[in-house]
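J.: sequence first, then the predicted structure:
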Amino acid sequence: MISVKNISKRFGKLQVLKDFNLEFEFGNSYALMGPNGSGKTTLIKTILGMVIPDSGEITVGGQSVKGNVSYRKKIGYMPQIGHYPANMKIGQLFSMMKDIRPEVDSFDLELYESFGLEEMKNKALGTLSGGTRQKVSAALAFLFDPEVLILDEPTAGLDPIAVEVLKTKIKKERKNGKLILITSHILSDLEELTNRAIYIFEGEVFFSDTIEELKELTGESRFSPAIAKLMQWTLKKKTTNPQLSHV
Ligand SMILES: Nc1ncnc2c1ncn2[C@@H]1O[C@H](COP(=O)(O)OP(=O)(O)OP(=O)(O)O)[C@@H](O)[C@H]1O
(Lines give C-alpha, C1' and ligand atoms only; values in the text may rest on other atoms or scores of the structure.)
Protein backbone atom coordinates (compact mmCIF):
# COMPACT_ATOMS: atom_id res chain seq x y z
CA MET A 1 0.00 0.00 0.00
CA ILE A 2 1.12 3.57 -0.69
CA SER A 3 0.09 6.20 1.80
CA VAL A 4 0.37 9.92 1.10
CA LYS A 5 -0.06 11.94 4.30
CA ASN A 6 -0.37 15.72 4.45
CA ILE A 7 1.88 16.25 1.44
CA SER A 8 2.41 19.83 0.31
CA LYS A 9 4.66 21.11 -2.45
CA ARG A 10 5.33 24.61 -3.69
CA PHE A 11 7.39 25.71 -6.70
CA GLY A 12 8.26 29.35 -5.99
CA LYS A 13 4.96 31.16 -5.48
CA LEU A 14 2.93 28.30 -6.96
CA GLN A 15 1.38 25.95 -4.40
CA VAL A 16 1.06 22.79 -6.51
CA LEU A 17 0.01 20.27 -3.84
CA LYS A 18 -1.92 21.44 -0.76
CA ASP A 19 -2.09 18.98 2.09
CA PHE A 20 -2.70 15.84 0.02
CA ASN A 21 -3.98 12.74 1.79
CA LEU A 22 -4.39 9.62 -0.32
CA GLU A 23 -4.21 5.85 0.11
CA PHE A 24 -3.43 3.45 -2.72
CA GLU A 25 -4.13 -0.24 -2.23
CA PHE A 26 -3.03 -3.36 -4.08
CA GLY A 27 -5.51 -4.88 -6.54
CA ASN A 28 -6.86 -1.44 -7.41
CA SER A 29 -6.28 0.74 -10.40
CA TYR A 30 -6.47 4.49 -9.85
CA ALA A 31 -7.33 7.14 -12.43
CA LEU A 32 -5.46 10.33 -11.54
CA MET A 33 -7.25 13.21 -13.24
CA GLY A 34 -7.21 16.98 -13.29
CA PRO A 35 -6.68 19.84 -15.72
CA ASN A 36 -3.28 20.57 -17.28
CA GLY A 37 -0.91 21.85 -14.64
CA SER A 38 -3.04 20.66 -11.71
CA GLY A 39 -0.20 18.68 -10.16
CA LYS A 40 -0.66 15.08 -11.35
CA THR A 41 2.92 14.57 -12.46
CA THR A 42 4.20 16.39 -9.38
CA LEU A 43 2.25 13.98 -7.16
CA ILE A 44 3.66 11.00 -9.06
CA LYS A 45 7.18 12.39 -8.78
CA THR A 46 6.85 12.87 -5.02
CA ILE A 47 5.83 9.21 -4.72
CA LEU A 48 8.86 8.25 -6.79
CA GLY A 49 11.18 10.46 -4.72
CA MET A 50 12.01 12.60 -7.78
CA VAL A 51 10.38 15.65 -6.16
CA ILE A 52 10.87 16.25 -2.44
CA PRO A 53 7.71 17.55 -0.73
CA ASP A 54 7.90 20.59 1.56
CA SER A 55 5.97 18.75 4.25
CA GLY A 56 4.15 15.50 4.90
CA GLU A 57 5.14 11.87 4.57
CA ILE A 58 4.86 9.12 1.97
CA THR A 59 5.09 5.47 2.93
CA VAL A 60 5.31 2.48 0.61
CA GLY A 61 4.51 -0.85 2.25
CA GLY A 62 4.65 0.90 5.63
CA GLN A 63 8.17 2.27 5.09
CA SER A 64 8.82 5.98 4.80
CA VAL A 65 10.36 6.85 1.45
CA LYS A 66 12.50 9.59 3.02
CA GLY A 67 16.16 8.69 2.74
CA ASN A 68 15.25 5.25 1.42
CA VAL A 69 15.70 4.42 -2.23
CA SER A 70 15.18 0.65 -2.06
CA TYR A 71 11.37 1.02 -2.19
CA ARG A 72 11.68 2.22 -5.79
CA LYS A 73 12.49 -1.33 -6.85
CA LYS A 74 8.82 -2.10 -6.16
CA ILE A 75 7.65 0.53 -8.64
CA GLY A 76 7.59 0.44 -12.44
CA TYR A 77 7.31 3.97 -13.83
CA MET A 78 6.35 4.97 -17.33
CA PRO A 79 7.10 8.70 -17.70
CA GLN A 80 5.11 11.09 -19.88
CA ILE A 81 8.21 11.57 -22.03
CA GLY A 82 11.07 9.08 -21.74
CA HIS A 83 14.58 10.50 -22.09
CA TYR A 84 17.21 8.01 -23.18
CA PRO A 85 20.86 8.22 -24.30
CA ALA A 86 20.58 9.09 -28.01
CA ASN A 87 23.37 6.82 -29.24
CA MET A 88 22.42 3.78 -27.21
CA LYS A 89 20.54 1.02 -29.03
CA ILE A 90 17.24 -0.44 -27.82
CA GLY A 91 18.86 -3.81 -27.13
CA GLN A 92 21.73 -2.19 -25.21
CA LEU A 93 19.28 -0.25 -23.03
CA PHE A 94 17.40 -3.40 -22.01
CA SER A 95 20.67 -5.31 -21.38
CA MET A 96 21.92 -2.43 -19.24
CA MET A 97 18.69 -2.32 -17.24
CA LYS A 98 18.86 -6.06 -16.59
CA ASP A 99 22.52 -5.73 -15.50
CA ILE A 100 21.56 -3.01 -13.00
CA ARG A 101 19.39 -5.55 -11.14
CA PRO A 102 21.52 -8.72 -11.03
CA GLU A 103 19.35 -10.12 -8.21
CA VAL A 104 16.38 -10.39 -10.59
CA ASP A 105 16.41 -13.67 -12.49
CA SER A 106 13.17 -13.52 -14.45
CA PHE A 107 12.09 -10.56 -16.48
CA ASP A 108 8.70 -9.68 -17.89
CA LEU A 109 9.43 -9.31 -21.59
CA GLU A 110 5.80 -9.58 -22.73
CA LEU A 111 5.55 -5.97 -23.92
CA TYR A 112 9.10 -5.98 -25.29
CA GLU A 113 8.12 -8.89 -27.48
CA SER A 114 4.55 -7.81 -28.34
CA PHE A 115 5.77 -4.38 -29.40
CA GLY A 116 8.38 -5.94 -31.69
CA LEU A 117 11.27 -4.25 -29.87
CA GLU A 118 13.49 -7.31 -30.28
CA GLU A 119 13.31 -6.84 -34.06
CA MET A 120 14.35 -3.19 -33.56
CA LYS A 121 17.08 -3.87 -31.02
CA ASN A 122 19.79 -2.35 -33.20
CA LYS A 123 18.00 0.98 -33.60
CA ALA A 124 19.53 3.93 -31.77
CA LEU A 125 17.19 5.46 -29.16
CA GLY A 126 17.81 8.95 -30.54
CA THR A 127 16.32 7.99 -33.90
CA LEU A 128 13.05 6.50 -32.61
CA SER A 129 9.60 7.88 -33.43
CA GLY A 130 7.56 9.22 -30.51
CA GLY A 131 5.34 6.12 -30.45
CA THR A 132 8.27 3.69 -30.48
CA ARG A 133 9.86 5.64 -27.65
CA GLN A 134 6.58 5.19 -25.72
CA LYS A 135 6.74 1.45 -26.40
CA VAL A 136 10.27 1.37 -24.95
CA SER A 137 9.07 3.28 -21.85
CA ALA A 138 6.13 0.91 -21.37
CA ALA A 139 8.26 -2.23 -21.80
CA LEU A 140 10.79 -0.87 -19.27
CA ALA A 141 8.08 -0.06 -16.70
CA PHE A 142 6.90 -3.69 -16.71
CA LEU A 143 10.35 -5.31 -17.12
CA PHE A 144 11.00 -6.13 -13.46
CA ASP A 145 7.46 -7.34 -12.79
CA PRO A 146 6.98 -4.60 -10.16
CA GLU A 147 4.20 -4.67 -7.54
CA VAL A 148 3.28 -1.08 -8.33
CA LEU A 149 2.90 0.47 -11.77
CA ILE A 150 2.76 4.24 -12.22
CA LEU A 151 1.87 5.17 -15.77
CA ASP A 152 1.88 8.82 -16.84
CA GLU A 153 -0.22 9.24 -20.02
CA PRO A 154 0.60 5.65 -21.08
CA THR A 155 -1.35 5.50 -24.33
CA ALA A 156 -0.39 8.94 -25.65
CA GLY A 157 1.24 8.64 -29.07
CA LEU A 158 0.73 4.89 -29.43
CA ASP A 159 -0.94 3.46 -32.52
CA PRO A 160 -4.29 1.66 -32.02
CA ILE A 161 -2.74 -1.84 -32.01
CA ALA A 162 -0.13 -0.83 -29.43
CA VAL A 163 -2.84 0.84 -27.31
CA GLU A 164 -4.78 -2.44 -27.19
CA VAL A 165 -1.64 -4.43 -26.34
CA LEU A 166 -0.81 -2.08 -23.48
CA LYS A 167 -4.38 -1.94 -22.16
CA THR A 168 -4.63 -5.73 -22.15
CA LYS A 169 -1.37 -5.90 -20.21
CA ILE A 170 -2.49 -3.31 -17.65
CA LYS A 171 -5.76 -5.19 -17.05
CA LYS A 172 -3.88 -8.47 -16.68
CA GLU A 173 -1.48 -7.04 -14.11
CA ARG A 174 -4.33 -5.54 -12.09
CA LYS A 175 -5.99 -8.97 -12.00
CA ASN A 176 -2.66 -10.26 -10.68
CA GLY A 177 -3.16 -7.97 -7.66
CA LYS A 178 -0.88 -5.10 -8.60
CA LEU A 179 -1.43 -1.51 -7.63
CA ILE A 180 -1.78 0.68 -10.71
CA LEU A 181 -1.87 4.46 -10.93
CA ILE A 182 -2.65 6.02 -14.29
CA THR A 183 -2.85 9.63 -15.38
CA SER A 184 -4.55 10.32 -18.66
CA HIS A 185 -6.81 12.81 -20.35
CA ILE A 186 -8.39 9.97 -22.34
CA LEU A 187 -11.49 9.19 -20.28
CA SER A 188 -12.45 6.08 -22.24
CA ASP A 189 -9.06 4.54 -21.36
CA LEU A 190 -9.49 5.41 -17.71
CA GLU A 191 -12.99 3.99 -17.61
CA GLU A 192 -11.72 0.73 -19.08
CA LEU A 193 -8.60 0.44 -16.94
CA THR A 194 -9.46 1.79 -13.49
CA ASN A 195 -11.89 1.27 -10.63
CA ARG A 196 -11.00 4.32 -8.53
CA ALA A 197 -10.94 7.99 -9.36
CA ILE A 198 -8.86 10.82 -7.97
CA TYR A 199 -9.61 14.30 -9.25
CA ILE A 200 -7.28 17.13 -8.37
CA PHE A 201 -7.90 20.79 -8.95
CA GLU A 202 -5.86 23.86 -8.07
CA GLY A 203 -3.59 21.86 -5.82
CA GLU A 204 -6.34 20.12 -3.84
CA VAL A 205 -7.76 16.62 -3.87
CA PHE A 206 -11.30 17.36 -4.98
CA PHE A 207 -12.51 13.76 -5.20
CA SER A 208 -11.02 10.41 -4.21
CA ASP A 209 -13.22 7.33 -4.13
CA THR A 210 -14.52 4.48 -6.25
CA ILE A 211 -15.91 5.12 -9.72
CA GLU A 212 -19.25 3.75 -8.50
CA GLU A 213 -19.29 6.40 -5.77
CA LEU A 214 -18.37 9.06 -8.33
CA LYS A 215 -21.35 8.05 -10.47
CA GLU A 216 -23.68 8.04 -7.49
CA LEU A 217 -22.46 11.40 -6.22
CA THR A 218 -22.83 13.08 -9.60
CA GLY A 219 -26.08 11.30 -10.47
CA GLU A 220 -24.53 10.12 -13.74
CA SER A 221 -24.56 6.50 -14.83
CA ARG A 222 -21.63 6.89 -17.21
CA PHE A 223 -18.02 7.80 -16.46
CA SER A 224 -17.47 10.71 -18.90
CA PRO A 225 -20.55 12.73 -17.86
CA ALA A 226 -19.68 12.06 -14.21
CA ILE A 227 -16.20 13.53 -14.72
CA ALA A 228 -17.67 16.42 -16.72
CA LYS A 229 -19.93 17.21 -13.77
CA LEU A 230 -17.01 17.12 -11.34
CA MET A 231 -15.17 19.55 -13.61
CA GLN A 232 -18.17 21.88 -13.67
CA TRP A 233 -18.27 21.79 -9.88
CA THR A 234 -14.61 22.68 -9.65
CA LEU A 235 -15.09 25.57 -12.06
CA LYS A 236 -17.90 26.86 -9.84
CA LYS A 237 -15.52 26.38 -6.92
CA LYS A 238 -17.91 24.04 -5.19
CA THR A 239 -15.09 22.56 -3.16
CA THR A 240 -17.16 23.14 -0.02
CA ASN A 241 -19.99 20.95 -1.34
CA PRO A 242 -20.98 18.93 1.75
CA GLN A 243 -21.63 15.89 -0.46
CA LEU A 244 -17.89 15.84 -1.04
CA SER A 245 -17.19 15.45 2.64
CA HIS A 246 -15.34 12.20 1.98
CA VAL A 247 -12.74 14.08 -0.07
N1 LIG B 1 10.37 21.60 -11.35
C2 LIG B 1 9.42 22.54 -11.43
N3 LIG B 1 9.71 23.83 -11.23
C4 LIG B 1 8.76 24.80 -11.27
N5 LIG B 1 7.46 24.56 -11.56
C6 LIG B 1 7.11 23.28 -11.79
C7 LIG B 1 8.06 22.21 -11.74
N8 LIG B 1 7.41 21.05 -12.01
C9 LIG B 1 6.12 21.39 -12.21
N10 LIG B 1 5.94 22.73 -12.08
C11 LIG B 1 4.66 23.43 -12.20
O12 LIG B 1 3.74 22.80 -11.33
C13 LIG B 1 2.44 22.79 -11.93
C14 LIG B 1 1.93 21.36 -11.97
O15 LIG B 1 2.65 20.64 -12.96
P16 LIG B 1 2.41 19.09 -13.25
O17 LIG B 1 3.38 18.70 -14.33
O18 LIG B 1 2.44 18.35 -11.97
O19 LIG B 1 0.92 19.13 -13.83
P20 LIG B 1 0.04 17.98 -14.50
O21 LIG B 1 -1.25 17.95 -13.75
O22 LIG B 1 0.81 16.72 -14.58
O23 LIG B 1 -0.22 18.60 -15.95
P24 LIG B 1 -0.47 17.93 -17.42
O25 LIG B 1 -1.90 17.45 -17.44
O26 LIG B 1 -0.28 19.09 -18.34
O27 LIG B 1 0.55 16.85 -17.62
C28 LIG B 1 2.56 23.45 -13.30
O29 LIG B 1 2.18 24.79 -13.19
C30 LIG B 1 4.06 23.33 -13.59
O31 LIG B 1 4.49 24.38 -14.43
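T.: Arrived safely. Numbering: from 1, shown residues only.

J.: C-alpha from now on. contacts and neighbour counts both.
T.: Noted.

J.: do you know how far Asn6 is from Tyr30?
T.: When distance is defined by CA to CA, to the nearest Å, Asn6 is 19 Å away from Tyr30.

J.: which one's more surrounded, those two?
T.: Counting neighbours by other CA atoms under 10 Å for Asn6 and for Tyr30 shows that Tyr30 has the greater number, 25 against 16.

J.: next one: phi and psi at His73?
T.: Actually, residue 73 is Lys rather than His. phi -60, psi -20 (degrees, to the nearest 10).

J.: need the strands for this protein, in chain order.
T.: With DSSP state E as the criterion, the chain has strands at 2-11, 14-24, 29-33, 55-60, 63-64, 75-78, 148-152, 179-183, 196-201, 204-210.

J.: quick check: mean pLDDT of the shortest one?
T.: With pLDDT averaged residue by residue, strand 63-64 scores 88.

J.: residues of the protein that sit close to the ligand?
T.: Where the chain comes near the ligand, counting by CA under 6 Å from any ligand atom, the residues are Phe11, Val16, Pro35, Asn36, Gly37, Ser38, Gly39, Lys40, Thr41, Thr42.

J.: before we move on, the earlier item: which of the strands of the chain sits most buried?
T.: Using mean count of other CA atoms under 10 Å, the stretch among those with the largest mean neighbour count is strand 29-33, at a mean of 26.

J.: Ala124 is in contact with Gln92, isn't it?
T.: No - when contacts are counted by CA atoms under 8 Å, Ala124 is not listed as touching Gln92 (9.2 Å).

J.: any idea which of the strands of the chain scores lowest on pLDDT?
T.: Comparing mean pLDDT over the strands of the chain, the weakest stretch is strand 63-64, at a mean of 88.

J.: quick one: contacts for Gly131?
T.: Each residue near Gly131 by CA atoms under 8 Å, 6 or more residues apart in numbering is listed here: Ala156, Gly157, Leu158, Asp159.

J.: packing partners for the single longest helix found in the chain?
T.: Counting residues, the longest helix in the chain under DSSP state H turns out to be helix 160-175. Other elements packing on helix 160-175 under the criterion 3 or more CA pairs under 8 Å, 6 or more residues apart in numbering; DSSP states H and E are helix 110-114, helix 187-193.

J.: against which helices or strands is the longest one packed?
T.: In other words, helix 187-193. helix 160-175, helix 223-235.

J.: pull out the buried positions in the longest one.
T.: Residues of helix 160-175 classed as buried under the neighbour-count rule (16 or more other CA atoms under 10 Å) are Ala162, Val163, Leu166, Lys167, Ile170, Lys171, Glu173, Arg174.

J.: so which of those is the closest to the ligand?
T.: Of all the buried residues of helix 160-175, Val163 has the smallest distance to the ligand: 19.0 Å, by CA to the nearest ligand atom.
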